[in-house]
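Participant: Provide a 3D model corresponding to the input given below.
(4 chains)
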Number of protein chains: 2
Amino acid sequence: MTVMTGPRHPRRSDALSRARILEAAIEILDTEGEGGLTLRAVTAHLSTGRGAIYHHVTSKDDLLAAAADSIVAAVPGETVRELALGVFEAIDAHPWAGAQLARDPSQPAVLRLWKRVGAALTGLGVTGPARSDAGAALVNYVLGAAAQHAAGARRAADGVSRRDYLEKLAAEWAASDDDELVRESAALLAGHDDRRQFLAGVDIFLAGITR
Amino acid sequence: MTVMTGPRHPRRSDALSRARILEAAIEILDTEGEGGLTLRAVTAHLSTGRGAIYHHVTSKDDLLAAAADSIVAAVPGETVRELALGVFEAIDAHPWAGAQLARDPSQPAVLRLWKRVGAALTGLGVTGPARSDAGAALVNYVLGAAAQHAAGARRAADGVSRRDYLEKLAAEWAASDDDELVRESAALLAGHDDRRQFLAGVDIFLAGITR
DNA sequence: GACATGCTTGGACCGGCGGTCCAATACTCG
DNA sequence: CGAGTATTGGACCGCCGGTCCAAGCATGTC
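Facilitator: The predicted structure follows:
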């Protein structure tokens, strides 16, 4: 009864489509971060209403999973190291994807990663059940490292430089505990390079696999 | 002006405290899952209002981080293997903690894990910068694997048995692609044991650092 | 014992979210 | 040209996290 439908709506000339919506979502995610992706923001971006969006997309999760998949799909690389580094850099550039990938192993993006890692391992001569174990270890490591790095990257994006972020984190750690290990880690944090450390981890796993 | 304060409130006999609130939050998380944790659910559980909760806790994130920390704090183990397995089992029992740990590297629970892993590595004779790299790799692997496993455990908890879940996932995978790797993986999924595979990953890591 | 001060409590309130529904329009095909 | 279908936009719903505040209790001071 209180329903009061507004003005009537001619069909838009720039056709709405799943692809266009995905594109808008990724742009919002990249500029505003994960918290900025709301269906209202998407509708505003595309000058449309919610109903139109839901006609092409089943839910916000659907949108996020598809966005993450398109990021992973664009990662280049054949070998394990190339692939791992590619995923790392993609997530460095799109931190929201790091959180998304860690969320659900059955989403398309993760399946895609599995397949490529599997192929790379085959190229290394690893097959059978050993390949499953090695693949799982690599995928889990890459996703875990990416998620952790992405959380830092998200913070660092808030106008704070990475250096300041690390210094603040080091101070936090040092203040929280007198433990010798923590102090040493906090000191190392200053010259810390996530990317280098990530690759060191990949090499540890590769060393473990190839023997 | 429309403010209409209700009946007056005597101080409760069962004192509210951060510890009691944390306890209630963990119970809700364990029974309802991560989505079930709302401040409204917490107030209902403790028969109080929101203001009282926020007097002891600064935000919902604060509550989640503290809950995860108390889970990690309860994990037993000294060696790398014991520790890793302990975290895995804790997250198997509390899947919401898996998602939470992957969210932010600077939260207390992750710092706690870092310290214990560092000590375990020292026990293995790994020190200096190599310990940082190895520690990062291990922590990232454990958190990544835990997050992925937790997502599965959350699904499996929805009245569906783990076996059914795996079968459905295998069918999904097989249907999505004709790739040989995917089919092989789907077949392996039937007899799959996350825990065994997790430990296999830890062993790959250990083999990688001890050479 | 009286009084002032500060800690604790519960609920009204606010802005915003994801998702559903539906009337109205534009295409498509016989 | 008429019937049926796909598309569109926005009103609406129930819920959420967080803020605010008036009222009541505990405690310290003289």
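
Participant: Longest helix in chain A, by number of residues?
Facilitator: helix A:128-157 (DSSP state H).

Participant: now the helix or strand following that helix: mean pLDDT?
Facilitator: Of the helices and strands lying after helix A:128-157 in sequence (DSSP states H and E), the nearest is helix A:162-176. Averaged over helix A:162-176, pLDDT sits at 72.

Participant: Which other helices and strands does helix A:162-176 contact?
Facilitator: Judged by 3 or more Cβ pairs under 8 Å, 6 or more residues apart in numbering or on different chains; DSSP states H and E, the packing partners of helix A:162-176 are helix A:128-157, helix A:180-189, helix B:108-123. Placement of C-beta: from N, CA and C, glycine included.

Participant: Give me the residue ranges of chain A where confidence is low.
Facilitator: A:1-14, A:157-161, A:176-179 (pLDDT under 70).

Participant: could you list every residue that touches the closest residue to chain B within it?
Facilitator: Chain B sits closest to residue A:144 of chain A, with a gap of 2.2 Å, by Cβ to the nearest Cβ. Contacts for residue A:144 were tallied using Cβ atoms under 8 Å, 6 or more residues apart in numbering or on different chains; they are A:102, B:102, B:139-145, B:147.

Participant: Would you check which pair of those residues lies furthest apart?
Facilitator: A:102 and B:139 (13.8 Å; Cβ to Cβ).

Participant: more crowded one of these two?
Facilitator: With neighbours defined as other Cβ atoms under 10 Å in any protein chain shown, residue A:102 and residue B:139 compare such that residue A:102 has more, 29 against 24.

Participant: right, and the more buried one touches residue B:147 too?
Facilitator: Yes - the pair residue A:102 / residue B:147 is scored as a contact, 4.5 Å apart, by Cβ atoms under 8 Å.

Participant: Check the contact lists of those two and give me the overlap.
Facilitator: Common neighbours of residue A:102 and residue B:147, counting by Cβ under 8 Å, 6+ apart, are A:143-144, A:147, B:99, B:102.

Participant: of those, closest to DNA strand C?
Facilitator: residue B:99 (17.1 Å; Cβ to the nearest atom of the strand).

Participant: hmm, the helix or strand containing that closest one touching chain A?
Facilitator: Using DSSP H and E, residue B:99 maps to helix B:95-101. Yes - in terms of Cβ under 8 Å from any Cβ of the partner chain, part of helix B:95-101 sits within range of chain A, namely residue B:99.

Participant: residues in contact with the helix or strand harbouring residue A:202?
Facilitator: Element membership of residue A:202, judged by DSSP H and E, is helix A:194-209. Contact with helix A:194-209 is made by A:80-81, A:84-85, A:88-89, A:92, A:121, A:124, A:126, A:134, A:137-138, A:141-142, A:145, A:149, A:152, B:132-134, B:136-137, B:140-141, B:203-209, B:211, as judged by Cβ under 8 Å, 6+ apart.

Participant: buried residues in it?
Facilitator: A:194, A:197-209 (16 or more other Cβ atoms under 10 Å in any protein chain shown).

Participant: quick one: residue A:17 and residue A:57 touch, right?
Facilitator: No - in this structure, residue A:17 is not within contact of residue A:57 by Cβ under 8 Å, at 10.2 Å.

Participant: And the buried residues of helix A:194-209, which is closest to DNA strand C?
Facilitator: residue A:194 (29.2 Å).

Participant: From residue A:75, how far off is that closest one?
Facilitator: Computed as Cβ to Cβ, to the nearest Å, the residue A:194 to residue A:75 distance reads 17 Å.

Participant: What of residue A:91?
Facilitator: 9 Å.

Participant: One more: residue A:151?
Facilitator: Separation of residue A:151 from residue A:75 (Cβ to Cβ): 20 Å.

Participant: Mind checking which of residue A:91 and residue A:75 has more residues around it?
Facilitator: residue A:91 (27 against 19).

Participant: Assign the more buried one to helix, strand or coil.
Facilitator: Taking DSSP: H, G, I helix; E, B strand; the rest coil as the rule, one finds residue A:91 in the helix state.

Participant: So it sits against residue A:99, correct?
Facilitator: No - in this structure residue A:91 lies outside contact range of residue A:99 using Cβ under 8 Å: 9.2 Å.

Participant: List the residues that are in contact with both of these two.
Facilitator: Common neighbours of residue A:91 and residue A:99 (Cβ under 8 Å, 6+ apart) are residue A:150.

Participant: Break chain A down into its structural domains.
Facilitator: Listed domain ranges for chain A are A:18-57, A:78-209 (source: automatic domain parsing).

Participant: The first one and DNA strand D in contact?
Facilitator: Spelled out, that is domain A:18-57. Yes - counting by Cβ under 7 Å from any atom of the strand, DNA strand D has neighbours in domain A:18-57: A:46-52, A:54-56.

Participant: Now do the same for residue A:106: helix, strand or coil?
Facilitator: Of the three states, residue A:106 takes coil under three-state DSSP.

Participant: residues contacting it?
Facilitator: Residue A:106 neighbours (Cβ under 8 Å, 6+ apart): B:151-152, B:169, B:172.

Participant: Check residue A:28 too.
Facilitator: So residue A:28 contacts A:36-37, A:41-42, A:45 (Cβ under 8 Å, 6+ apart).

Participant: can we see that at 6 Å?
Facilitator: Contact analysis of residue A:28 by Cβ atoms under 6 Å, 6 or more residues apart in numbering or on different chains lists A:36-37, A:41.

Participant: Same list, those, but as TSV with neighbour count please.
Facilitator: Converted to TSV, these look like this (neighbours: other Cβ atoms under 10 Å in any protein chain shown):
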residue	neighbour count
A:36	12
A:37	20
A:41	15
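
Participant: Secondary structure added to these, as CSV?
Facilitator: Shown next, in CSV, are these (three-state DSSP):
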residue, secondary structure
A:36, helix
A:37, coil
A:41, helix
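
Participant: Closest one of the residues you listed to residue B:156?
Facilitator: Nearest member of the contacts of residue A:28 to residue B:156, counting by Cβ to Cβ, is residue A:37, at 28.1 Å.

Participant: OK, contacts around the spatially closest residue to residue A:153 that is not a sequence neighbour?
Facilitator: Closest residue to residue A:153 in three dimensions, ignoring its sequence neighbours and counting by Cβ to Cβ, 6 or more residues apart in numbering or on different chains: residue A:95, at 4.3 Å. When the contact criterion is Cβ under 6 Å, 6+ apart, the partners of residue A:95 are A:150, A:153-154.
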